[in-house]
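Enquirer: got a sequence here, can you model it:
(one chain, ligands or ions: 1)
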Amino acid sequence: MKETASNDLFSTKVGAIAAAAGSAVGLGNIWRFPYVLGENGGAAFLIVYIISTILIAIPVLLTEFVIGRKTNLPVSGAYNSLAPGKWWNQIGIIGVLCAFIILSFYNVVAGWTMCYTVRSATGALQGLSEDAIQQAFVSLSENPWECLIWMVVTIVASAFIVSRGVKRGIEWSSRILMPLLLLLIIVVCVRSLTLDGALQGVKFLLSPDFSKITPQSIFEALGQSFFSLSIGMGTMTTYGAYISKKQNLTSCAFSVAFVDFVIAFLAALMIMPCAFACGINPGSGPGLVFVTLPNIFNAIMFGQAISFVFFLLLFIAALTSSVSLLEVIVAYFMNEHSFSRRKATVVSAILIGIFGTLCAFSKTLFGLFDNFSANVMLPLGALFIILFAPLILGRRAMRNELEAHGGKCKLFGFYYALVRYVVPIAIVIIFANCILSWMGVKMFA
Ligand code: PHE
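Expert: As a prediction, the model looks like this:
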């Protein structure tokens, strides 16, 4: 039998959820979410984020699962098989391209977390002054050769997991790494919450200031919920193809979204109290993790051990997400070009290495890829996916797929209304509103 990506399935529901949650939980939750939240007013942003996740992101996630499992094909083939020759098949190609673009900067940041894990283990960050910590990060981020080495380590690790296949590689690693991650996060959280002055950080997270909500922050919340749930580019379509018909897709989607949210929230709960306790501005941007936290780790008891644990968990989270992005590309080579899994993995890893090198050497490209993928490609990709399902697949086929495990999908009517009307309209309005606000025009006075 020809080796295709999708004749190797997740063996259990827990395995499927762990793998999809492994994709969702990553740098987006632990590195990006807390700083975006900090910049956008804390609790108020949290509320917008939750609404966006429930009403927009979860329906997109479920729709990706439906399309993937219905076709039993990864993103590169799924849309094409349902609408051959029509321009819809571009969704698959754009998905593969998007995986390249995200991986090229994602692996650089994942490499930094690996570097910080090693630095913490060797005590290289111990006792450094604030300036020296800043310098330590600058010396890494401005040294493309060092970034390159750490990035290659990350690529080799994720390629190793992907080359082992869906069940033995992706599912197995996620089932071990995800619970470990949750455990480590809880340990750091408890330490952070017991710092003097931590309460202020908790207040910041829980008392909303609605004046901080702007078109830009709603736009950021939307992009963040897509990036965080790995939707809008077909990762979840691909994983949907590996979920067996026996499993209840709706409960898989809710479980993944729940785990993703809990980890993002715990990450914020770990970082904000620390930031307030040490007088650090929660809105200090992407440097929050790498430049700020080592100061905190230096100031607390068991700081070096906590630092090691923290960066290790960040690396683990990044690795499982990186694996899901790599799988999109590997599945493309396997299904469209009949490569074996091993050959597809080697070719993909080399190509990603080349793209990643560009990002390691050019900050401009790094920033461009980062912003463009999360804020433009994913929302637009999600818009096409959400238009595709009712128009091409149709209501009945969607329902059948959601009920294929033999149970009833009680919320189907509500879900379908969201997919048909609310999600596409909301994405278009949020997009247009943000672009107009950049141009100085107010859509809602
Ligand atoms: N969801 C991942 C994170 O939060 C990133 C990701 C985006 C992974 C898109 C796959 C696809 O870090």
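Enquirer: contacts and neighbour counts: CA atoms only from here.
Expert: OK.
Enquirer: which stretches of the stretch 201-350 of the chain have low pLDDT?
Expert: 285-287, 292 (pLDDT under 70).
Enquirer: what about the helices in it?
Expert: Listed in chain order, the helices of the stretch 201-350 of the chain (DSSP state H, counting those that start in this stretch) span 215-228, 235-241, 249-277, 287, 293-299, 303-337, 341-361.
Enquirer: out of these, which is closest to the ligand?
Expert: Among the helices of the stretch 201-350 of the chain, helix 215-228 comes nearest to the ligand, with 3.7 Å by C-alpha to the nearest ligand atom.
Enquirer: starting at the chain centroid, how far to the closest one?
Expert: From the chain centre to the centre of helix 215-228 is a distance of 12 Å (C-alpha atoms, centre = their mean, to the nearest Å).
Enquirer: elements contacting it?
Expert: The contact analysis (3 or more C-alpha pairs under 8 Å, 6 or more residues apart in numbering; DSSP states H and E) places helix 215-228 against helix 43-52, helix 378-388, helix 423-438.
Enquirer: nearest to Leu269, of the ones you listed?
Expert: helix 43-52 (11.6 Å; C-alpha to C-alpha).
Enquirer: got the buried residues for the closest one?
Expert: 43-50, 52 (16 or more other C-alpha atoms under 10 Å).
Enquirer: before we move on, back to that, deepest-packed of the helices and strands packed on helix 215-228, please.
Expert: Most buried of the helices and strands packed on helix 215-228, by mean neighbour count (mean count of other C-alpha atoms under 10 Å): helix 378-388, with a mean of 22.
Enquirer: run the angle between the helix or strand that that helix is followed by and helix 249-277 for me.
Expert: Proceeding N to C from helix 378-388, the next assigned helix or strand is helix 395-402, under DSSP states H and E. The directions of helix 395-402 and helix 249-277 differ by 70 degrees, with axes from the mean of the first three to the mean of the last three C-alpha atoms, to 10 degrees as the criterion.
Enquirer: just checking, what packs against helix 395-402?
Expert: Contacts defined by 3+ C-alpha pairs under 8 Å, 6+ apart place helix 395-402 against helix 58-71.
Enquirer: nearest to Tyr415, out of the helices and strands packed on helix 215-228?
Expert: Closest to Tyr415 of those is helix 423-438 (C-alpha to C-alpha; 10.0 Å).
Enquirer: quick one, that closest one and helix 378-388 angle?
Expert: Using the same axes, to 10 degrees: helix 423-438 against helix 378-388 is 150 degrees.
Enquirer: isn't Phe315 right up against Val108?
Expert: No: under the criterion of C-alpha atoms under 8 Å, Phe315 is not in contact with Val108, lying 11.3 Å apart.
Enquirer: still on that earlier bit, can you say which two of the buried residues of helix 43-52 are spatially most distant?
Expert: The most distant members of those, if one measures by C-alpha to C-alpha, are Ala43 and Ser52, lying 14.2 Å apart.
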